[in-house]
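> predicted coordinates and the sequence they were generated for:
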Amino acid sequence: MSYFDFEPLIQDKMPTTGSKVLRSLQNQETPLADLLVREAIQNSLDASLASNADSVTVSFNTSTVPIQDIHDVFPELQHLTSNNQYMLEIRDLGTEGLTGVPHFDGKSNSNFSKLVYDLSNPQEKKDAGGSWGLGKTIYYRVGIGLIVFYSKIQTSKRGVFKERLAACFIEDERKESLYLPNVSSGIAWWGERYEADSNVTQAVENVKKIGDILRKFGVQRFKDGETGTSIMIFGADKSRLDPSLMQVLGDSQEISCDWFRGVEGYLESAIQRWYCIRLNNDRFRSGPKLSAFVNGKRIKNSFPIFQKMQELYNAVDNIENHQVNVIPINIKNAFYKTLSGHVITAKFNMSDLGMLEPDNHRSPYEHIECRKESDENNKVIFAFVRKPGMIINWFDPGWVGDMTTSERGKYIVALFVPNSDNLLHPDIRDYIGADTFEGYLRSTEKSDHSVWHDVYGFNIIKRIRRHVIAKINKLYIEEELLNQNEDHNYAVMRYLAKAFMPEDWGNDARVLPKGSKTPIPNEYRTKNPAVMIDNVSYPQDSNTISVEWSLYWGPTTIKSISMIFEVVSENGIVSKQKWDSEQLLGSYPCWIDSVELSSKKQKSITSKVAPKELPYTYFLNKSYEDIFDTSNDVRFRIEDNVFRIADLDEALSRSIIKGKTLLRVKDHSINFQLNLKWDSVDEK
């Protein structure tokens, strides 16, 4: 009995060969099992039924098929002589199956044709995972190159279902020992004759013949009313799927492979590694949740790091989760709305990640990278994800490389979730042919969906990356500084001074040496006005930092100085007046608490000349009155958080104004800026 008609690929102009197909997916760094899990589940999620509001089920099943059964079905593969072939079946339910015409048609949108016959045709479904069509070539790299595709679909006629089955074989035609030595292209298909006068084939749709073939391979048919797809990979190479069996490059002491159990155990971990956000997540926002199985065992997020990643994703809609920071990332001139997405982040300890007794889980770096934790500070565990819910990449050096680190035993975890439905700027839409940010990101991914990179010159991703890095660094550097004791104030002052001062100043912010005989030691003298950070303290209210500063000026005669504390947002500088008028986020987050004058007249020092330690509220109540000391004719005024000093007498050269500014730092999306302005014209 002949199960199939055989169709070798006949080469023509610009020929496709097996070697070219096998090289098309150029990711050589990611283990094959990870690439396979990423691609297979992504294809299933892309094919999810619109009417399925619950879940998409993807199962990975392993078995052994006798070589004789393979020869019975594929007599052309007599050069395949191994006694038994390890087979990996990837099966989904809750999907539409491989719809469309069951034969090759380059002009159609047939999912069956694209997967089986047109090896480089991409998925065109809106919000689909892939945009290149090359990811599916991973199936042929995993085993000997023999793949059987079986699918059940519902036709356009209500209640009518069809089954279809076909096979494709791809091998490197340059090998010395070939399984199909008479096929020069290295590519062939099995099916039933599509046209009587040619060797072109299409899928088998005879249910009896399909049933006979599936029984040979020990694969179940889909039940009545079910739709889905089964992909059978023959000759799956355990040594290429199980990292513990691979030849380890570099220092083997860094590799950790003993925590999973063979191919099946590694598949379990890979499913969590790449789909932890969508796996069994009833709160997933962009479609049905994912249910996954390996040999009948339901896969859950069993490792705490993957549980935490799902919690971060869900926190975007959970404003009551105070342990997680949800930070908006806004950029201009790219979208209809400036919100590009959110970075969600939290800091965990070993107990949070189940690394202590009684759980004794491994380091999150082992579960993600199969590498042991280094002796250095911990890099940020960072990932980004778009609408289908697959982690695009972990530890992308372009993002993580410029982020802060945490001490051993502490783990900063962060996730960027884009505002996928945000409409692109019209100029960008017209240029790239996509309407939404999701379409933009999809078009920038490589064929294995492993990275986002700007390819159109708009630098959207670069700008987002810069903002994400800045937000994470600001959040955790400030947290680290707040937790330091007084012995570490020097580092605190340098950080705050850097945050306050304009970039072109270059003045160092250090504590004025104790016991200085003059208010301005020589090493701090400067021609123009400048500010030094004298002290930093943290009141019991942990949301506030108290910064004591000194304003001074050098030999240049200055008639007036304005010290302006401002909030910097994505849309520019926000003055106190604008903040109050627009009622933005409560009270203004930066205010002057007190001011005092230390002046130098000839060689004597007169300190704490009035006004002495006047509270900010007093200045506000007197905002349009001058407050001055008659002996030195120094005028102070505060208007909208601007501290003005006018009518400066020449005798006050090198004098110091000391003050204290309070910063509210609960909202880490706020940046502060200090500007000094001065001129030689008296303010009358």
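Nice, I can see it.
> where along the stretch 351-500 of the chain do the strands fall?
With strands called from DSSP state E, counting those that start in this stretch, the stretch 351-500 of the chain shows them at 378-379, 381-385, 391-394, 405-406, 410-418.
> again with the stretch 1-150 of the chain
Assigned by DSSP E, counting those that start in this stretch, the strands in the stretch 1-150 of the chain fall at 5-8, 55-66, 84-93, 146-154.
> helices and strands around the longest one, which ones?
Same thing as strand 55-66. Judged by 3 or more Cβ pairs under 8 Å, 6 or more residues apart in numbering; DSSP states H and E, strand 55-66 is in contact with helix 32-46, strand 84-93, helix 262-275, strand 289-294. Placement of C-beta: from N, CA and C, glycine included.
> what pairs with the very next helix or strand once past the last one, parallel or antiparallel?
From strand 289-294 onward toward the C-terminus, using DSSP states H and E, the following helix or strand is strand 297-298. Partners of strand 297-298 in the sheet, by DSSP bridges, are strand 289-294 (antiparallel).
> alpha carbons of stretch 275-284, as CSV, please.
The C-alpha atoms that make up stretch 275-284 are tabulated as CSV, following Å, rounded to 0.1, in the frame of the first residue of the first chain:
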residue,chain,number,x,y,z
TYR,A,275,6.2,32.3,28.2
CYS,A,276,6.0,32.9,31.9
ILE,A,277,3.9,36.0,31.4
ARG,A,278,1.1,34.2,29.5
LEU,A,279,1.4,30.7,31.0
ASN,A,280,-1.9,30.0,33.0
ASN,A,281,-2.4,33.8,33.3
ASP,A,282,-6.1,34.5,33.6
ARG,A,283,-5.2,38.3,33.6
PHE,A,284,-3.3,38.2,30.3
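> okay, now the domains of the protein?
Using automatic domain parsing, the domain parsing of the chain gives 5-236, 301-480, 484-679.
> for those domains, which has the smallest mean pLDDT value?
With a mean of 53, domain 484-679 has the lowest mean pLDDT of these.
> quick one: which of the helices and strands packed on strand 55-66 is nearest Arg193?
Shortest distance between Arg193 and those, using Cβ to Cβ, is found for strand 84-93: 26.9 Å.
> remind me what that closest one packs against, helices and strands.
helix 32-46, strand 55-66, helix 67-73, strand 228-234.
> what's next to the third one, contact-wise?
Here helix 67-73 makes contact (Cβ atoms under 8 Å, 6 or more residues apart in numbering) with 3-4, 77-78, 80-85, 146, 213, 216-217, 234.
> turn the buried ones among these into a named ChimeraX selection, would you?
Selecting only the buried entries of the contacts of helix 67-73 in ChimeraX, with 16 or more other Cβ atoms under 10 Å as the criterion:
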select :3,4,77,80,85,146,213,216,217,234
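> now, among the contacts of helix 67-73, which is nearest to Lys162?
Ile213 (15.9 Å).
> taking strand 228-234 as reference, get the angle to the helix or strand harbouring the closest one.
Assigning secondary structure by DSSP H and E places Ile213 in helix 207-217. Going by axes from the mean of the first three to the mean of the last three Cα atoms, to 10 degrees, helix 207-217 is angled at 40 degrees with respect to strand 228-234.
> what's near enough to touch Ser19?
Asp172, Glu173, Arg174, Gly186.
> swap in 10 Å and give it another go.
Ser19 makes contacts with Ile170, Glu171, Asp172, Glu173, Arg174, Lys175, Ser185, Gly186, as judged by Cβ atoms under 10 Å, 6 or more residues apart in numbering.
> same check on Phe384?
Applying Cβ under 10 Å, 6+ apart to Phe384 gives the contacts 341, 343, 391-394, 396, 399, 414-418, 441, 451-452, 461, 464-465, 468.
> cutoff 7 Å now
Going by Cβ atoms under 7 Å, 6 or more residues apart in numbering, Phe384 touches Ile392, Asn393, Phe416, Trp452.
> for Trp274, see how far away it is.
As for Phe384, its distance to Trp274 is 12 Å (criterion: Cβ to Cβ, to the nearest Å).
> what's around Ala334, how many residues?
21 (other Cβ atoms under 10 Å).
> just checking, it touches Ile460?
Yes. The criterion here is Cβ atoms under 7 Å, and Ala334 meets it with Ile460 at 5.1 Å.
> in the chain, where's the longest helix?
helix 460-483 (DSSP state H).
> buried residues in it?
By 16+ other Cβ under 10 Å, the buried positions in helix 460-483 come out as 460-461, 463-465, 467-469, 471-472, 474-476, 478-481.
> who does it touch, helix- and strand-wise?
Other helices and strands packing on helix 460-483, by 3 or more Cβ pairs under 7 Å, 6 or more residues apart in numbering; DSSP states H and E, are strand 325-330, strand 339-349, helix 397-400, strand 410-418, helix 489-500.
> which helices and strands sit right next to the fourth one?
Spelled out, it's strand 410-418. Short answer (3+ Cβ pairs under 7 Å, 6+ apart): strand 410-418 packs on helix 304-314, strand 339-349, strand 381-385, helix 460-483.
> can you list the strands that it pairs with?
Partners of strand 410-418 in the sheet, by DSSP bridges, are strand 339-349 (antiparallel), strand 381-385 (parallel).
> which outside residues touch it?
The list of residues contacting strand 410-418 from outside it, by Cβ under 7 Å, 6+ apart, reads 308-309, 312-313, 316, 340-349, 353, 364, 378, 380-386, 406, 437, 441, 468, 472, 476.
> same question, the shortest one
Counting by Cβ under 7 Å, 6+ apart, the neighbours of helix 397-400 from elsewhere in the structure are Lys379, Val380, Phe382, Arg465, Val468, Ile469.
> find the pair from these with maximum spatial separation.
Farthest pair in the contacts of helix 397-400 (Cβ to Cβ) is Lys379 and Arg465. Separation: 15.6 Å.
> does Cys168 touch Trp189 like I think?
Yes. Using Cβ under 7 Å, Cys168 is in contact with Trp189, at 5.2 Å.
> quick one: contacts for Arg283?
Contacts of Arg283 were listed using Cβ under 7 Å, 6+ apart, and they are Asn314.
> any chance of the backbone angles for it?
With angles defined as degrees, to the nearest 10, Arg283 sits at phi -100, psi 10.
> quick thing: my sequence starts at 26, can you match it?
With 26 as the first residue, the last one maps to Arg308.
> ok, it to Thr180 distance?
For Arg308, the distance to Thr180 (Cβ to Cβ) stands at 34 Å.
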